[in-house]
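*Asks:* Provided below are the primary sequence and the corresponding predicted coordinates.
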Amino acid sequence: MSIPTLSPEQLSAAREAATRARRARADLKARLRNGQISLGQALDEAAADDVLAHVKVVDLLKSLPRVGEKRAGEIMERLDIAPNRRLRGLGRHQAAGLRAEFPPTDK
């Protein structure tokens, strides 16, 4: 089976949709990085939005203040989350573990 050929209009629409999706995911990570939302709120948003559900768990963790590659990896290993797992693929206990690891802070 071959890949279907898209018209220029379809290609343009696909590019725009991909750009919107990237911007939405980047916005989620930026709001998390700036402390505008908690990790729990980010998980809730991802559960309700198919686009945000595609964010990798490790990328979301690295968006948190004071969490880099090493700490994100340690947290994911401890909670038994695969390195390539996306938010949509988190189990109930894994999501609860992440929420417990990063409880919301009152400002």
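*Replies:* Perfect, I can see it now. Numbers count the residues shown, from 1 in each chain.
*Asks:* going forward, measure contacts between C-alpha atoms and count neighbours the same way
*Replies:* Fine.
*Asks:* Now do T5 against L11, distance only.
*Replies:* Here the criterion is Cα to Cα, to the nearest Å. By it, T5 lies 9 Å from L11.
*Asks:* Neighbour count for the two, which is higher?
*Replies:* Neighbour count, other Cα atoms under 10 Å: between T5 and L11, L11 has more, with 12 against 8.
*Asks:* The residue nearest to L79 when sequence neighbours are not counted: which element?
*Replies:* Among residues not flanking L79 along the chain, Q94 sits closest, at 6.0 Å (Cα to Cα, 6 or more residues apart in numbering). Using DSSP states H and E, Q94 maps to helix 92-101.
*Asks:* pull the longest helix from this protein.
*Replies:* Using DSSP state H, we find that the single longest helix of the chain is helix 8-33.
*Asks:* Can you give me the buried ones in that one?
*Replies:* By 16 or more other Cα atoms under 10 Å, the buried positions in helix 8-33 come out as A21, R22, R25, A26, L28, K29, A30, R31, L32, R33.
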